[in-house]
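1. What follows is a predicted structure for the sequence shown.
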Amino acid sequence: MPEECVAIETPPVREAVPAGPMKQLRWRLNRLRCMSPAEIPHRVLRSLVSRAESLGLRAHRTPLPDVRSSSRPWIQWMPRVDPARYLEAADRICAGRLDVFTLRNVDLGSPPRWNRDPKTGVEAPLQAGKLIDYRDSRLVGDIKYLWEPNRHQHLVTLAQAYAMSSGLRYFNTIRSHLESWFESCPCPRGPNWTSALEPAIRLINWSVVWQLLGGAQSPLFESDAGLRFRARWLESVHQHVSFIRGYLSLYSSANNHLVGEAAGIFIAALTWPFWPEADRWRDQAAAILQREALTQNGADGVNREQAVSYQQFELELLTCALLAGRANGHRFSAAFETRLEAMIQYLASIMDGGGHVPMFGDSDDAVVLNLSQQPDFCRFRSILATGAVLFRRADFKVKAHKLDDRTRWLLGRGADVAFDLLSTAHVQLPARRAFPNGGYYILGCDFETDAEIRLIADAGPLGYQAIAAHGHADALSFTLSVGGTEIFVDTGTYAYHGQSEWRQYFRGTSAHNTLRIDGLDQSESGGAFMWLRKARAGCREWSSSAALDVFEGWHDGYLRLRDPVLHRRRIVLDKALRRITIEDRVEMSGTHEVELFFHLNETCRAVALPDGFVITHGPRALHLKLPEATGAVAEIHCGSVKPPLGWISRRFGDKCPTPAIAWRASVARHALLRTEITC
């Protein structure tokens, strides 16, 4: 038997409770199965505290701030940023128009109705936040859409516009929105006090707004009305920090929450050092960030949630904390900074020559700060540009292509000069091709040219800790890009709550370029954010030479069947012939229904041939030759609904049809299925 992956135990995140008493009982038992012994009393105590708060037995008292203490800003206006787009965006916000995921330029009002889901129109109740079931769409609508405007990222845009123009209109809108929010969302009541991550992200955005408005001594606060507004704002800051510290996600499989919460506290303590306890907040939060940066991300730079979007999100959080700390004389360890550099290097390696990054694992399009209004802004290229300056990495500069406005706002006046000074004359890419902790391996040739072949094979764990909340059942899947164009793709996420069939499809095996047995996912789902039986996967062989790249992996997800099946996949790239050979070996005793899936970029076209398909994208053509087997059938699905097949989700809440090739056959005993892709 192949060597085993290390399994780490952890508890579950909150998710939708299914309908029906028996289903609910099974769901609750599944959750209990995943809890560690220390978690159960922890959750009982949290429940008692929440109920005490709801009865007014645990009132928050905010001490008066001493605003004579000072902090150094870690973000400032950059003169080299063109103000036109920022002023235009700020004017739309003043008129009440915001973007919320798939809702573009929607009229939310100014100020918005903070407790209302803009997608469904459901108004959430103003009861104790920790007692609100935010998974219940009848009660809160789609909570992701409700939370998004309450992260107050749009206030940063207004503050940028004020810093560029000194326009009081933008400050007055900020004050109007915040005063309305304080009134409509009193701590700790309502849907915006259900998750500690949300107040943390709000604090990070408030920190940027505060700095761009001029800080505690800003002339905007000199009048009596300004002083009252500042005092109320600072009262809410203290409430936010106290709430987060009381509900840290110490037991959560999605531990990007813990990083986000600690980053919010750390940045708040540096931005508003106006209370005696602020130093304690800072030090405790810094210790969490230091520990979790190394725990949640492997030495090879891959985030253990096995989700690229969450890697980007956590990188943003850690980078903001790093910069805020540097500006105020608090530095993290060399190991912390090295881990951030490795995380960026992983993103640089999996990005193809066209700037595309595979959508491995879950994605909810989360960002920490919306600092750029550039129409061609790419969050991944921006991270690479920031990393190029921070770590003096010319290879990151090559992948970023240019310096972006987000990096300018974050790194200040010297960013352009530092970026320009990085010499790219001797850069070789990718810098790394094997990521054994994360389980990803890059096969390819002619990198960063029009002839590039970049195939990424996945032999990594399902996800992080016991329930692998954000992982997908995609063991031994692959993505393929040719000449900077995506050909075979990971299909994304689409939805979390209220779309159970689609949630199951996009995280399931049939939505990935791998093999499925008997119509079953490789891992057994226990709910929208819970996997019960998890496929273990690993790499048996990885080698690269001038002539060949070779990968061989395995997973044991189907050993759970009555007739156990072990799946091995060997991928060989012949660079001279530009031919990829995929050999799927299924080891079993009886007969099983076997399916192979190949999901295409939505701009590709597939035409059937006697032995497979020709796949075209513009002038480029690939030949897909499928295995030979008695009774085998191969079909193209595009936008099928019953069951779902042939879909891609590029953005959270949005999906569109895309060609998906499904090969099916009944296979007996030990079988070898050979697929060829000629590029």
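-> Received, thanks.
2. In CSV, please show the C-alpha coordinates belonging to stretch 406-416.
-> Output of stretch 406-416 as CSV, limited to C-alpha atoms (Å, rounded to 0.1, in the frame of the first residue of the first chain):
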residue,chain,number,x,y,z
ARG,A,406,-3.0,48.2,-5.0
THR,A,407,0.7,47.6,-4.5
ARG,A,408,1.3,51.4,-4.8
TRP,A,409,-1.2,52.1,-2.0
LEU,A,410,0.3,49.3,0.2
LEU,A,411,4.0,50.0,-0.3
GLY,A,412,4.1,53.7,-0.7
ARG,A,413,6.3,56.1,-2.7
GLY,A,414,9.3,53.9,-3.2
ALA,A,415,7.3,51.0,-4.8
ASP,A,416,7.8,52.1,-8.4
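3. quick one: contacts of that stretch?
-> Outside stretch 406-416, the residues that touch it by CB atoms under 8 Å, 6 or more residues apart in numbering are 75-81, 160, 319-320, 323, 369, 371-372, 377, 382, 385-386, 389-390, 403, 418-419. No exception for glycine: its C-beta is placed from N, CA and C like everyone else's.
4. And stretch 103-123, by the same measure?
-> 92-101, 124, 126, 137-143, 145-146, 149-150, 173, 176-177, 180-181, 184-185, 190-192, 653.
5. Make a PyMOL selection of whichever of these turn out to be buried.
-> The buried residues among the contacts of stretch 103-123 can be selected in PyMOL (16 or more other CB atoms under 10 Å) with this line:
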select buried, resi 93+94+97+98+99+100+101+124+137+139+140+141+142+143+145+146+149+150+173+177+180+181+184+185+190+191+192+653
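6. Tell me the spacing between the residue sitting furthest away from the middle of the chain and A231.
-> Here the chain reaches farthest from its C-alpha mean at D224, the gap being 42.9 Å by CA atoms, centre = their mean. From D224 across to A231, the span is 11 Å (CB to CB, to the nearest Å).
7. Quickly find the element holding the residue lying closest to I582 once chain neighbours are set aside.
-> Leaving aside its sequence neighbours, I582 sits nearest to T675 (CB to CB, 6 or more residues apart in numbering; 4.3 Å). Per DSSP states H and E: T675 is located in strand 671-678.
8. can you tell me the average pLDDT over that strand?
-> Across strand 671-678, the average pLDDT comes to 97.
9. Strands along the stretch 151-300 of the chain, start to end?
-> In the stretch 151-300 of the chain, no strands are defined using DSSP state E, counting those that start in this stretch.
10. Would you confirm that F652 contacts D362?
-> No - look at F652 against D362 with CB atoms under 8 Å: they stay out of range, at 9.5 Å.
11. remind me which residues of the stretch 401-550 of the chain are low pLDDT?
-> Scanning the stretch 401-550 of the chain for pLDDT under 70 picks out no residues.
12. Spell out, range by range, the strands that occur in it.
-> Counting by DSSP E, counting those that start in this stretch, the strands of the stretch 401-550 of the chain are 434-435, 440-445, 453-458, 478-482, 485-488, 515-517, 524-527, 530-533, 537-544, 548-555.
13. Convert the C-alpha atoms of the third one to CSV, please.
-> It refers to strand 453-458. Taking C-alpha atoms only, strand 453-458 is exported to CSV below (Å, rounded to 0.1, in the frame of the first residue of the first chain):
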residue,chain,number,x,y,z
ILE,A,453,2.6,23.5,-22.1
ARG,A,454,1.7,23.7,-18.4
LEU,A,455,0.0,20.7,-16.8
ILE,A,456,-0.7,20.7,-13.0
ALA,A,457,-1.3,17.3,-11.5
ASP,A,458,-3.0,17.1,-8.1
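14. quick one, it and strand 537-544 angle?
-> 150 degrees (axes from the mean of the first three to the mean of the last three CA atoms, to 10 degrees).
15. Against which helices or strands is strand 453-458 packed?
-> Applying 3 or more CB pairs under 8 Å, 6 or more residues apart in numbering; DSSP states H and E, one finds that strand 453-458 makes contact with strand 440-445, strand 478-482, strand 548-555, strand 566-574.
16. Which SSE is immediately downstream of the last one?
-> The element immediately downstream of strand 566-574 (helix or strand, assigned by DSSP H and E) is strand 579-587.
17. by contact count, what packs against that next one?
-> strand 515-517, strand 566-574, strand 591-599, strand 671-678.
18. Averaged pLDDT, the second one. What do you get?
-> What that stands for is strand 566-574. When pLDDT is averaged over strand 566-574, the result is 98.
19. what does it rub up against?
-> 443-445, 453, 455, 457, 475-476, 478, 514-515, 517, 540-541, 547-559, 579-588.
20. That strand pairs with which strands, parallel or anti?
-> strand 548-555 (antiparallel), strand 579-587 (antiparallel) (DSSP bridges).
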